[in-house]
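Trainee: Fold the following.
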Amino acid sequence: MTISNARSTRGATTYGTATGGASSSITVGVQNYTLLVFDSTANLEITKAGLFDILGVAGAAGGGSGGSPHFGGGGGAGGAPRQTVYLAVGTHTVSIGAGGTDNAHGTGSSLGVTVGAAGGGYGAGTIVVKNGQAGGSGGGGRATSTGGAAIAGSAQGFAGGTGATNVGAGGGGAAGAGGNTGTGGGAGGTGIGLTTFTGGTITTTVATGGQGTGSTGASGGAAGAANTGIGGAGGTSTGGSGGSGKFLIRFKV
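Mentor: Below you'll find the model as predicted:
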């Protein structure tokens, strides 16, 4: 897709039509929509130019680890932009980002050049990497060090929490910052439910930050589920992998 295939919503008042992904009919309030869901990279075919509501989720980061007593911070959730955009007739590539492994960033998701969701920042783990790393949502810190920032601001996510002695903080989520304390590690930041966007046809919560680890935490962090953009949990021996991304696109019918 080239930049000429997209423009501002200014002056556009009607919704377009499109095909691609897994298609279904939904109702939100009293308004009927067609919903297109992408769980892997594929093409979106715009058959009528117009407006489209977008909810994108990037790949989440892995949790931090480094061996006891380096209690790893949780991985940051994948960035989750929610916006309405104008798309011209043509083929637009929807790219779904992969989740990061132990101590690794998530990969961004995108709709051509029109919408970009930033991959999550990984959680702190080793004595060298005490701070959580920046991303769509930031990774949690460890040992009183700070969490990573949300590089696109609250439009996509929140910062990771600040670690404490023997506590890895939680990674940031799409709707809230990572938690700072807890014997089992700081809680991951709040994600967003898909119920409102889909009218209840999909109830999954996406883009939640990864749990940090602490004195009662697991040595191996739990992984985020595929296509949720949920951050991997921190661990002492191994951080969990982050969940891959997702894209939801709807238009009025």
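Trainee: Grab the nearest non-local neighbour of T228.
Mentor: G243 (4.1 Å; C-beta to C-beta, 6 or more residues apart in numbering). Where C-beta positions appear, they are placed from N, C-alpha and C, glycine not excepted.
Trainee: what sits against the one you found?
Mentor: G243 sits next to 59-60, 78, 99, 223-232 when contact means C-beta atoms under 8 Å, 6 or more residues apart in numbering.
Trainee: likewise L248?
Mentor: With C-beta under 8 Å, 6+ apart, L248 has these contacts: L35, L36, V37, F38, I54, L55, G56, L194, F197, T198, I202.
Trainee: and it, which of the three is it?
Mentor: strand (DSSP: H, G, I helix; E, B strand; the rest coil).
Trainee: How about F197?
Mentor: F197 ends up helix, using three-state DSSP.
Trainee: Any chance of a markdown table for the contacts of L248, columns distance to G157 and secondary structure?
Mentor: Converted to a markdown table, these look like this (distance: C-beta to C-beta, whole Å; DSSP: H, G, I helix; E, B strand; the rest coil):
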| residue | distance to G157 | secondary structure |
| --- | --- | --- |
| L35 | 23 | strand |
| L36 | 23 | strand |
| V37 | 21 | strand |
| F38 | 20 | strand |
| I54 | 16 | strand |
| L55 | 13 | strand |
| G56 | 12 | strand |
| L194 | 16 | coil |
| F197 | 17 | helix |
| T198 | 20 | helix |
| I202 | 20 | coil |
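Trainee: Distance to G125 added to those, as CSV?
Mentor: Listed next are the contacts of L248 as CSV, based on distance: C-beta to C-beta, whole Å:
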residue, distance to G125
L35, 38
L36, 38
V37, 34
F38, 32
I54, 34
L55, 31
G56, 28
L194, 31
F197, 34
T198, 36
I202, 33
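Trainee: OK, contacts around G182?
Mentor: V167, G212, G214.
Trainee: Local confidence estimate at the last one?
Mentor: Residue-level confidence at G214 comes out at 84, pLDDT.
Trainee: repeat for G217
Mentor: At G217, pLDDT is 65.
Trainee: ok, of the contacts of G243, which come out buried?
Mentor: Among these, those buried by neighbour count (16 or more other C-beta atoms under 10 Å) are 59-60, 78, 99, 223-224, 226-232.
Trainee: Near G29, how many other residues are there?
Mentor: Other residues near G29 come to 7 when the count uses other C-beta atoms under 10 Å.
Trainee: Quick check: chain neighbours aside, which residue is closest to it?
Mentor: Leaving aside its chain neighbours, G29 sits nearest to G199 (7.6 Å; criterion: C-beta to C-beta, 6+ apart).
Trainee: likewise G160?
Mentor: Per C-beta to C-beta, 6+ apart, closest to G160 is G147, 2.6 Å.
Trainee: Tell me if I am right that the one you found is in a helix.
Mentor: No: secondary structure of G147 (three-state DSSP): coil, not part of a helix.
Trainee: residue contacts, it?
Mentor: 73, 124, 131-132, 138-141, 159-163, 169, 171-172, 177-178.
Trainee: now swap in A80 and tell me
Mentor: A80 sits next to 55-58, 117, 136, 156-157, 174, 191-192, 206-207, 229 when contact means C-beta under 8 Å, 6+ apart.
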